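Q: pasted the sequence and its predicted model underneath.
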Amino acid sequence: MKKISLAVLLSLSAVATGAFAQADQGVTMSTDPAKISDIEMRAQNLQSKQADMEKMPAAPAHKSGHHKKGSKQMAPAQ
């Protein structure tokens, strides 16, 4: 029981630490031309990758190796 309680406590503290670390980050503004061009280049790369992914045909769904044997159709009873 103590091990489980300790694991839960550590997990909660890790989640709280992660949430706190992310709370500080917001939208920032930069006037550094090198930083701006780097961000624009990464954005263009992401857009081109996304466009390439949309152009690619969807992969066929995985088919199971099990096949049903065709059943013979029976003539209706008269």
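A: Noted; the coordinates are in hand. Numbering: from 1, shown residues only.

Q: give me the distance between residue 38 and residue 1.
A: Look at residue 38 and residue 1: by Cβ to Cβ, to the nearest Å, they are 52 Å apart. Quick note: C-beta positions are derived from backbone N, CA and C, even for glycine.

Q: could you do residue 52 as well?
A: Counting by Cβ to Cβ, the gap from residue 52 to residue 1 is 53 Å.

Q: between these two, which has more neighbouring residues?
A: Under the neighbour definition other Cβ atoms under 10 Å, residue 52 and residue 1 were set side by side, and residue 52 has more, 9 against 5.

Q: residues in contact with the strand or helix carrying the more buried one?
A: Under the criterion DSSP states H and E, the helix or strand holding residue 52 is helix 33-55. Identification of contacts with helix 33-55 by Cβ atoms under 8 Å, 6 or more residues apart in numbering yields residue 30.

Q: can you give me the buried ones in it?
A: By neighbour count, and taking 16 or more other Cβ atoms under 10 Å as the criterion, helix 33-55 has no buried residues at all.

Q: just the C-alphas of that helix, formatted as PDB.
A: Taking C-alpha atoms only, helix 33-55 is exported to PDB below (Å, rounded to 0.1, in the frame of the first residue of the first chain):
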ATOM      1  CA  PRO A  33      15.600  39.000 -37.900                       C
ATOM      2  CA  ALA A  34      17.500  35.700 -37.600                       C
ATOM      3  CA  LYS A  35      15.000  34.300 -35.200                       C
ATOM      4  CA  ILE A  36      12.100  35.500 -37.300                       C
ATOM      5  CA  SER A  37      13.500  33.900 -40.500                       C
ATOM      6  CA  ASP A  38      14.200  30.700 -38.600                       C
ATOM      7  CA  ILE A  39      10.600  30.500 -37.500                       C
ATOM      8  CA  GLU A  40       9.300  31.300 -40.900                       C
ATOM      9  CA  MET A  41      11.400  28.600 -42.500                       C
ATOM     10  CA  ARG A  42      10.200  26.000 -40.000                       C
ATOM     11  CA  ALA A  43       6.600  27.100 -40.600                       C
ATOM     12  CA  GLN A  44       7.100  26.700 -44.400                       C
ATOM     13  CA  ASN A  45       8.700  23.300 -43.900                       C
ATOM     14  CA  LEU A  46       5.700  22.100 -41.800                       C
ATOM     15  CA  GLN A  47       3.300  23.400 -44.400                       C
ATOM     16  CA  SER A  48       5.000  21.600 -47.200                       C
ATOM     17  CA  LYS A  49       5.200  18.400 -45.200                       C
ATOM     18  CA  GLN A  50       1.500  18.700 -44.500                       C
ATOM     19  CA  ALA A  51       0.700  19.300 -48.200                       C
ATOM     20  CA  ASP A  52       2.800  16.300 -49.100                       C
ATOM     21  CA  MET A  53       0.900  14.100 -46.600                       C
ATOM     22  CA  GLU A  54      -2.400  15.200 -48.100                       C
ATOM     23  CA  LYS A  55      -1.300  14.400 -51.600                       C
END
